[in-house]
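>>> next one to model:
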Amino acid sequence: MTERAECVLCPNPSPMTLDGTNTWLLAEPGSDEVVVVDPGPLDEAHLQHVVRRVSESGRRVALTLLTHGHADHAEGVGRFAELTGAPVRGFGRGHDDLRAGETVRVGGLEILAAPTPGHTSDSFSFVLPADNTLLTGDTVLGRGTTVVAWPDGSLEAYLASLEHIEALTRAGEVTSLLPGHGPFVADAAATVTFYLKHRAERLEQVREAVARGAQTAYDVVEQVYADVPRSVWPAAELSVRAQLDYLRAHA
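Below is the predicted model of the structure:
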């Protein structure tokens, strides 16, 4: 996808994971050390495929990073650590906690850890300064929009994270995105602008639904997400609960 990033797609497609989980292999050109971001679910065939992909290129896994702890990104990390012997770093959930703004260096590659909570409380994104790209996990997807996974997720935090990413695009530090699901995003600035606009529109729709008498989060989903497949309504209900919390806090 970029000079320093390669995607190995996990075969776990679903309405929530789109085409599947993107496992990212990061390495500085010429280096034999690879950083793997989000090994994915506990899918032995996928984990073995990632290890084989690295070894066949004459390299080794030196570090595993997690964007967040959801199972489709992190469930397989224990088994992956057994296969590779590489340390695992993430934020919380028993891992070697990353620090906000920390620069991780492996084999000449520089990765900047940027906390982007909101989808979950432990969500991190990773800047590859040399490629002007950002690995976003589930904070920004390659297609569609993401879920604010209430109660762990927070809309207030999510909006702040989108604004942080927008600031990175304005500064020219990030021009493209490598998401946790979906295709490569060539225009980071336009995508983040769309996400912020979409969130503002959804929030207003939720506000209007409550004004019309919606009593529960599910009532709101029936009105606001009527055009969305019912298979994703449970996820939509989580986002609505996060939106209702936000409206109560900013009443």
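
>>> scan this structure for its longest helix.
Scanning the chain for the helix with the most residues, using DSSP state H, yields helix 188-211.

>>> isn't residue 17 up against residue 181?
Yes. Under the criterion of CB atoms under 8 Å, residue 17 makes contact with residue 181 at 5.4 Å. Using the backbone N, CA and C atoms, a C-beta is placed for each residue, glycine as well.

>>> who's more crowded, the two?
Comparing residue 17 with residue 181 by neighbour count (other CB atoms under 10 Å), the higher total belongs to residue 181, at 26 against 21.

>>> for that one, give me its contacts.
For residue 181, the contacting residues are 17, 18, 19, 20, 21, 22, 138, 141, 142, 143, taking CB atoms under 8 Å, 6 or more residues apart in numbering as the criterion.

>>> what does residue 139 give?
Under the criterion of CB under 8 Å, 6+ apart, the neighbours of residue 139 are 67, 116, 118, 119, 123, 125, 146, 158, 161, 162, 165.

>>> now do the contacts for the first one.
With contact set as CB under 8 Å, 6+ apart, residue 67 has these partners: 37-38, 73, 90, 123-126, 135-139, 180.

>>> tell me which stretches of the chain form strands.
5-9, 22-26, 33-37, 60-65, 88-90, 96-97, 103-106, 109-115, 124-128, 133-137, 176-179 (DSSP state E).

>>> hey, which of those is tucked in deepest?
When you average the neighbours per residue for each of the strands of the chain (mean count of other CB atoms under 10 Å), strand 133-137 leads with a mean of 28.
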